[in-house]
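K.L.:
fold the stuff below for me.
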Amino acid sequence: MNVYKFGGTSQKDRQSLQQCIKIIRDGSVNDIVIVSAPAGVTDLLIQGFDEQTSTGEFTRETFEKIQSRFFEVHPEQEKRAIIESGMNELELRISQGMQDGFGTEQLKDLHYARIASFGEFLEPRLFSENLKMEGIRSRVGRIEQTMRVHGPPRNAKYDRCSDPRILEEVSGFDGVTVFSGFYGFDSDGNILVFSRGGSDFTQTLVSRAVNADACFNCTDVNGVFPINPNLLTPNAAEKLRTIPELQYEQAQELSKQGAKVLHPKCIEPLKEKGIPLYVINTFDPLGPNTVIGPESRAYIGVNAVTGRKQAFTKISLTTGCMDGATGYLQNFANSFEGVDVETISTSAIELSAGFSDPTADTDLILERLAQYGTAKKQNGQSMIAIVGKGIGRSPAIIGKFFSTLGVLDIPVDQITKSNDYCLWVSIPQHHYERAMVGIYNAMLTRQ
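P.N.:
Predicted coordinates for the structure are as follows:
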């Protein structure tokens, strides 16, 4: 049994959808499909949510744009009733928000999940109907019965009690089961969503639950590239080659450090059972692709350079009292309670943390830290990282990385190498593109 996931760009129009159907037709009888909303739909839904929570009205213009996107991708008369019924459901969700109100952040976040998940609610019904029209037996998986989640409405946590429910849902059916991605239900029946791109996570959670043979993440690129092609000149981008194979840990580092191909959480469920993940191009399924698995025959060296350009905030605590003392790290961590901290660096006299969490109250963090030493804030940082195999075992790799930044005259702030697969540094944001391309040219094009 294989598990396929089709993202929004794979369903951007009728022709693209037909290519998705062809991939399923070429698979086995009892495969599972996870689908995202068609390209652009979730952005429109979030736009409507913003309108409703700020002005009190989910505008008719936005509502009709959402409906039009579904009709563009699914123009057949047979599917018109499904779309119209679905849009009635969206109206009910909009009305429920007005009924509940937005007096607290919790109510607002629950409404966000209710609205943002609508594209993934409707698309499986339409996708399954497409399969039936092509003579492929299909049904929609009952996500409300199977996908149990808990935690924050915008960043849900998966509950392992869902595993046997998912397995039971697909067992004994001689056909393709189509599941919604991105969301689930808590024990009170509320819709909660994973973070954006969460359909990738749904795919691998389902794959683990059914002990899949393999999963195929179908997107609009030929696998994973060693650098974001948009950073290169058209000529250089044309010469880029797909990374053929990655270990789980390498893929995790790439997704966490800024690569956009996969959701950061989606690799972990696969590691437990050693399930391979293929990143393939929906529009070129037999072309170059990347397989992610437990073993890698990749050479010792750098596979990719990645990063995040958006401005990081760095907050540091400096004190001469840490040497020989205990509790400083715990007090430092407690000062960031509720903040999504992404990086931590330490020395004998300083602790520092980097984050891009827009909800962080930096004044409060500085106030908390001030009782332990000198607290400072620094804005305007970006992060770049090299990802590969055996990075910690090769002084030449580490030396080349820093010497390249030195030749480019790019200053370095925080530095972390916590495992054998990744080394990252923070740099001033205005150097980001030059650093990324410089590292790629020095460390990847000559290998």
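
K.L.:
helix or strand for Val302, which one?
P.N.:
Per DSSP states H and E, Val302 falls inside strand 301-318.

K.L.:
in whichever helix or strand comes after that strand, what counts as buried?
P.N.:
Per DSSP H and E, the first helix or strand lying C-terminal to strand 301-318 is helix 328-334. Burial within helix 328-334, assessed by neighbour count using 16 or more other Cβ atoms under 10 Å, is assigned to Tyr328, Phe332. Where C-beta positions appear, they are placed from N, C-alpha and C, glycine not excepted.

K.L.:
run through the neighbouring helices and strands of helix 328-334.
P.N.:
The contact analysis (3 or more Cβ pairs under 8 Å, 6 or more residues apart in numbering; DSSP states H and E) places helix 328-334 against strand 350-355.

K.L.:
partners of the strand it packs on, with directions?
P.N.:
According to DSSP bridges, strand 350-355 forms sheet pairs with strand 301-318 (antiparallel), strand 343-346 (antiparallel).

K.L.:
so how far is the strand holding Val302 from its chain's centroid?
P.N.:
From the chain centre to the centre of strand 301-318 is a distance of 17 Å (Cα atoms, centre = their mean, to the nearest Å).

K.L.:
list the buried ones in that strand?
P.N.:
Result for strand 301-318 [16+ other Cβ under 10 Å]: buried residues 301-309, 312-318.

K.L.:
just to revisit the earlier point, mean pLDDT lowest for which of the strands paired with strand 350-355?
P.N.:
Lowest mean pLDDT within the strands paired with strand 350-355: strand 343-346, a mean of 83.

K.L.:
hmm, who's touching it?
P.N.:
Under the criterion Cβ atoms under 8 Å, 6 or more residues apart in numbering, residues 312, 329, 351-355, 383, 414-416, 424, 426 lie in contact with strand 343-346.

K.L.:
tell me the average confidence for stretch 125-144?
P.N.:
Averaged across stretch 125-144, pLDDT comes to 95.

K.L.:
how far does it stretch from one end to the other?
P.N.:
14 Å (Cα to Cα, to the nearest Å).

K.L.:
quick one: buried residues of that stretch?
P.N.:
Quick answer for stretch 125-144 (16+ other Cβ under 10 Å): Arg125, Leu126, Phe127, Ser128, Glu129, Asn130, Leu131, Ile136, Ser138, Arg139, Gly141, Ile143.

K.L.:
contacts only, for the spatially closest residue to Ile267 that is not a sequence neighbour.
P.N.:
Closest residue to Ile267 apart from its sequence neighbours, by Cβ to Cβ, 6 or more residues apart in numbering: Gln252 at 4.7 Å. By Cβ under 8 Å, 6+ apart, Gln252 lies in contact with Pro264, Ile267, Glu268.

K.L.:
can you name the two of the buried residues of stretch 125-144 that are farthest apart?
P.N.:
Spatially, the most separated pair among those is Ile136 and Ile143, at 20.3 Å (Cβ to Cβ).

K.L.:
from the chain's centroid, how far away is the helix or strand encompassing Asp50?
P.N.:
Assigned by DSSP H and E, Asp50 falls within helix 41-55. With Cα atoms, centre = their mean as the basis, helix 41-55 stands 21 Å off its chain's centre.

K.L.:
these two touch, right, Val291 and Pro244?
P.N.:
Yes. The pair Val291 / Pro244 is scored as a contact, 7.2 Å apart, by Cβ atoms under 8 Å.

K.L.:
right, and Phe121 touches Phe182 too?
P.N.:
No. Using Cβ under 8 Å, Phe121 is not in contact with Phe182; the gap is 9.4 Å.

K.L.:
give me the more crowded residue out of the two.
P.N.:
Per other Cβ atoms under 10 Å, whichever of Phe121 and Phe182 has more neighbours is Phe182, with 30 against 20.

K.L.:
for stretch 147-162, measure first residue to last.
P.N.:
In stretch 147-162, first residue to last residue: 6 Å (Cα to Cα).

K.L.:
with just CA atoms, put stretch 13-25 into PDB.
P.N.:
The C-alpha trace of stretch 13-25 is given here as PDB (Å, rounded to 0.1, in the frame of the first residue of the first chain):
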ATOM      1  CA  ASP A  13      -6.200  23.600 -12.800                       C
ATOM      2  CA  ARG A  14      -8.200  20.900 -14.600                       C
ATOM      3  CA  GLN A  15      -5.200  19.700 -16.600                       C
ATOM      4  CA  SER A  16      -3.000  19.400 -13.500                       C
ATOM      5  CA  LEU A  17      -5.700  17.400 -11.700                       C
ATOM      6  CA  GLN A  18      -5.800  14.900 -14.600                       C
ATOM      7  CA  GLN A  19      -2.100  14.300 -14.100                       C
ATOM      8  CA  CYS A  20      -2.800  13.500 -10.500                       C
ATOM      9  CA  ILE A  21      -5.400  11.000 -11.600                       C
ATOM     10  CA  LYS A  22      -2.900   9.400 -14.000                       C
ATOM     11  CA  ILE A  23      -0.400   8.800 -11.200                       C
ATOM     12  CA  ILE A  24      -3.100   7.100  -9.100                       C
ATOM     13  CA  ARG A  25      -4.200   5.000 -12.000                       C
END
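
K.L.:
any regions of the stretch 301-447 of the chain where pLDDT drops low?
P.N.:
Residue ranges of the stretch 301-447 of the chain with pLDDT under 70: 418, 446-447.

K.L.:
what's the neighbour count on Asn88?
P.N.:
10.

K.L.:
separation between it and Thr290?
P.N.:
41 Å (Cβ to Cβ, to the nearest Å).

K.L.:
how far off centre is stretch 330-338?
P.N.:
Centre to centre, stretch against its chain (Cα atoms, centre = their mean), the figure for stretch 330-338 is 26 Å.

K.L.:
any buried residues in stretch 397-404, and which?
P.N.:
Applying 16+ other Cβ under 10 Å to stretch 397-404 flags Ile397, Lys400, Phe401, Thr404 as buried.

K.L.:
so after the longest helix seen in the chain, what's the next helix or strand?
P.N.:
Counting residues, the longest helix found in the chain (DSSP state H) is helix 80-100. The C-terminal neighbour of helix 80-100 among helices and strands, as given by DSSP H and E, is helix 105-116.

K.L.:
tell me where the stretch 201-350 of the chain has helices.
P.N.:
Per DSSP state H, counting those that start in this stretch, the stretch 201-350 of the chain carries helices over the ranges 234-238, 248-256, 268-271, 328-334.
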